[in-house]
Structures are given as structure tokens and as C-alpha cells.
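Chemist: Task: produce atomic coordinates for the following.
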Amino acid sequence: MAQPSHAVVIGGGIGGLTAAVALHQTGLRVTVLERARSLEPVGAAISLAPNALRALDVIGVGEEIRDLAAWRGGGGLRTPRGHWLSRTSAAAAAERFGGPLVLLHRATLVNSLMSRIPPAAIRTDARAELIDPGDADRPARVAVADGELEADLVVAADGIHSGVRRTLFPGHPGAVYSGFTTWRVVIPVPGAEFDSHETWGRGRMWGTHPLNDGRVYAYAAAVVPAGRRAPDDEKAELVRLFGDWHDPVPAVLAAARPTDVLRHDVHHIAEPLPAYHRGRVALVGDAAHAMPPTLGQGGNQAIEDAIVLALRGPRPGPGEGDGTSVIDGLAAYTADRLPRTTAITRRAVRAARLTMTTGRVPIAVRNASITAVSKAAPALLLRGFDGIADWRPPRQPHASDEAPVGDSQNSQERPREGRLHRTR
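Modeler: Residues are numbered from 1 along each chain as shown. This is a model prediction of the structure:
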């Protein structure tokens, strides 16, 4: 019996694993190559908006994640001294966008995705290099330590500094520094009781959110030169920058150990790629459209990419035509994803400029405007996510009756939980 077509996924992050699950459910044989020794994420949470949750519904993961995640209740935007600029309503956001915004540790989502992939399909400590992107007449080739793999499809989910992207588009400038760095912690904070909040200062920002397991997820950002690091440790740097901010910031800092703190400079792709594919290779997530985290959409867009790739993209198999269908499917993927993610990246960059501004006058105007809008017309503050959080997956082609089918962009119904199916 002929082997099913082979998809190689380079990168075992959220975008790569979502793609692996979706492609596996279409009937492809999948191999995931992750250079790290473990797929266990460290020290970070992820916020999933309704758009990503609807995408996860397509592969039968959405409802499980909604049940496991921390649901955001009351919260809002504050100043460093604790003054509330605006209050948020989870119910209003869910009503506007057709679903909740949920928060969970990345490990929760990763474990859920991994459980839907055959264990033998995942190879860790496996550095991969694209040797040949292939074309309609020949497979793609990927080099690993013990040889080469041939693939009908390669999914490059290898991150902001993607080596596959450089191979496919060597003339592209790649990611640029966004102007600020970030810190993240996930820790228990004994006795902490607070509403979720994000606090904007002068060239600095802090967020604190409770997780469902009793821990606290906190993140911070500051405008600094690229590559700068603390002279002692990153916890001490956070204390210097945020130690005099409102509660519960001091309590979170007191509970954190230096080893709990992760720091990363933020980069984004300012010049859009000409395409998200070449030959038999598709780029997903940060490899295609890295963006600042100011809209919370980086991981969400990677999930969308993965699902659209499986729905719009190739479904090759024995006796199902030639490689032309693979190329056509990837062209459809680019046509669907490039305009949307380019627009969202630009919005995230504009949001970063607003959030991280350092001028006293612009800050005063920003804060006064947010306060006025929040009092006069709270729903206007949600408009920043129009066209983002209300996205719905494209309709699944040739779906069986069991498979979930995403409605049009204007539909108000969530797809049923289920699996992708290939129908001959």
C-alpha cells in the first residue's frame, strides 16, 4: 500500500503543533522537527481571543481550552499610581466578538495539541535545514542530523529569526527591533487578590492576570536600546523600573525569583514578505509575520495560519493528482493570509507606539482621551479588535458530515467540534 503524503513541520511551537494536528487530521503523515530538547514551554502564558478559539474548534481543541483556561473577568487599564483609565467588561467583549477572551499557560495548549499527534511523529533535539523547497515536479528536502527527509509539504514554524524564511527570501531584510524589551513571569503570589489590569507608564508597561491554577501571569515592557541587559539580574531590573507602581505590582516582584524572569527583545517584520510560500514550503506564525505583542495576536495569528493552511492548502495523497495541487493550495494560503496578517501587524505596531510613548504631552493626551471615551462610550474601546477577534475560519472544502464547518465572517455560530477530513 502506498504511503500517505508526508508533511514536515519545522518548529514545535504553538503554530507548528496546530499545523501538525490539522494536517494529520486531513490524512497526511506528519513529522514535527523541534530543535529544543523538550516541547515544554517555559514561563509564559498566552491569551486566546475568539478568533483563535474558533480556529481551534476546527480541530476539536477549542472547547477543551475554554474549559481549562482562566476566564478574564473585570479589569482594565491603569496608570502607575493606580488610577483607572478604563474598565473592561468580559461580557461586552464576548457579545461583540462572539466568544470569550481566555488566558492559559502555554503548556496547557501545547499538551492538548501534542495529545492529538502520534508520539512517534514528534522529534525533539532535531535541528533542521531546508535544502530544497521543491516544486510541482519534485518534493521538498529537509536536512536533519541523520540524513534528509523528503516532503510533499514543509511547514516552517521556526520563529522570528526563521532560517527557512532566509532561505526562501534571501533578499528580505527580516525582523527589525520594535524599540522595546519585555519580561514575563508565571508564579504563585500568596494572598494576592486583584482584578486583571494593564498599566501604561512613560515608555513602560505592566500587566498582571490571574491564571486558573492559582498562579499569576505578569508581563512588563520598557523602551530600551536593543540588546541591553541588566547589570545584575532581571528581577532587580524590574524592581528598579516598576517597584514603586501600584499594587499588586510590588507583591508580584517580591514573590518572583531572579530565575523566574524571562526577558526578550521584541522584533517584528516591518516589510511584508512577497508571499508566505515558495515551492512546497509554507511559512506560519512569526516566521511569516512577526508582530509586537501589543494586540495579543502573535500566537492567535499563528493558530489561524495553521488552520487556514489545512483548509485552503494542499491535501495530496496517493493517486490524487500531482504536485500542482500542492502549489495551488499554497498560493491560496498566501492569498488568504498575507493581507490579513500584514494589516494586523501594522495595527500592532501603531498600538506599540501608543502604549510605549515617552513624551509627557502625548501621554497626557492619550490618558485623557482613553478616560473620556471610557466614560462616554465604553464600546468604542473594543473597536480596536474589530476585524480581528471576529474572524471565522473559512468553510471547509468537501467536508464530511462529521467535520466542523466554519461559517462566513458574518456568521454568529461557532463551528462544531470535530476533525478535518479528506474526502475523495
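
Chemist: pLDDT below threshold where in the stretch 101-250 of the chain?
Modeler: Along the stretch 101-250 of the chain, no part satisfies pLDDT under 70.

Chemist: Show me the strands in it, by range?
Modeler: 102-105, 122-123, 129-132, 140-144, 147-151, 153-156, 176-188, 196-200, 204-210, 215-223 (DSSP state E, counting those that start in this stretch).

Chemist: got the end-to-end distance for stretch 106-120?
Modeler: 22 Å (C-alpha to C-alpha, to the nearest Å).

Chemist: Contacts for that stretch next, please.
Modeler: 14, 17-18, 20-21, 24-25, 30, 32, 39-41, 44-46, 48, 59-61, 64-65, 68-69, 122 (C-beta atoms under 8 Å, 6 or more residues apart in numbering). Bear in mind the C-beta positions are built from the backbone N, C-alpha and C, glycine included.

Chemist: Counting neighbours, which bits of stretch 35-50 end up buried?
Modeler: For stretch 35-50, the neighbour count (16 or more other C-beta atoms under 10 Å) marks R35, L39, P41, G43, A44, A45, I46, S47, L48, A49, P50 as buried.

Chemist: Show me how far that stretch is from its chain's centre.
Modeler: 10 Å (C-alpha atoms, centre = their mean, to the nearest Å).

Chemist: any idea how far H6 is from E150?
Modeler: 7 Å (C-beta to C-beta, to the nearest Å).

Chemist: How about L381?
Modeler: Taking C-beta to C-beta, one finds L381 at 47 Å from H6.

Chemist: same thing with G27?
Modeler: G27 is 11 Å from H6, by C-beta to C-beta.

Chemist: beta partners for R138?
Modeler: Here R138 sits in beta bridges with D135, as judged by DSSP bridges.

Chemist: try V281
Modeler: V154, R278.

Chemist: Run a quick neighbour tally on A128.
Modeler: 25 (other C-beta atoms under 10 Å).

Chemist: contacting residues for it?
Modeler: By C-beta under 8 Å, 6+ apart, A128 lies in contact with V8, I10, L33, R35, V142, A143, V144, D158.

Chemist: got it, and A69?
Modeler: Contacts of A69 by C-beta under 8 Å, 6+ apart are L48, V102, L103, L104, T108, N212.

Chemist: By neighbours, which of these wins?
Modeler: Busiest of those [other C-beta under 10 Å] is L48, holding 26 neighbours.

Chemist: Just the CA coordinates for stretch 49-57, please, in CSV.
Modeler: Written as CSV, here are the backbone C-alpha positions of stretch 49-57 (Å, rounded to 0.1, in the frame of the first residue of the first chain):
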residue,chain,number,x,y,z
ALA,A,49,-9.1,35.6,21.6
PRO,A,50,-12.4,34.4,20.0
ASN,A,51,-10.7,34.2,16.5
ALA,A,52,-8.1,31.7,17.7
LEU,A,53,-10.6,29.7,19.7
ARG,A,54,-12.9,29.3,16.7
ALA,A,55,-9.8,28.2,14.7
LEU,A,56,-9.1,25.6,17.4
ASP,A,57,-12.7,24.4,17.2
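
Chemist: Quick one: residues in contact with it.
Modeler: 18, 48, 62-63, 65-66, 94, 97-102, 296-297, 299-300, 303-304, 306-307, 385, 388-393, 404, 406, 414-417.

Chemist: I'd like the distance from A19 to S112, if you could.
Modeler: For A19, the distance to S112 - C-beta to C-beta - is 15 Å.

Chemist: And these two? Which one has more around it.
Modeler: A19 (33 against 20).

Chemist: how far away is the more buried one from P100?
Modeler: For A19 relative to P100 (C-beta to C-beta), the value is 24 Å.

Chemist: Likewise for V176?
Modeler: 34 Å.

Chemist: With neighbour numbers in mind, choose between those two.
Modeler: Higher neighbour count among V176 and P100: P100, with 17 against 13, using other C-beta under 10 Å.
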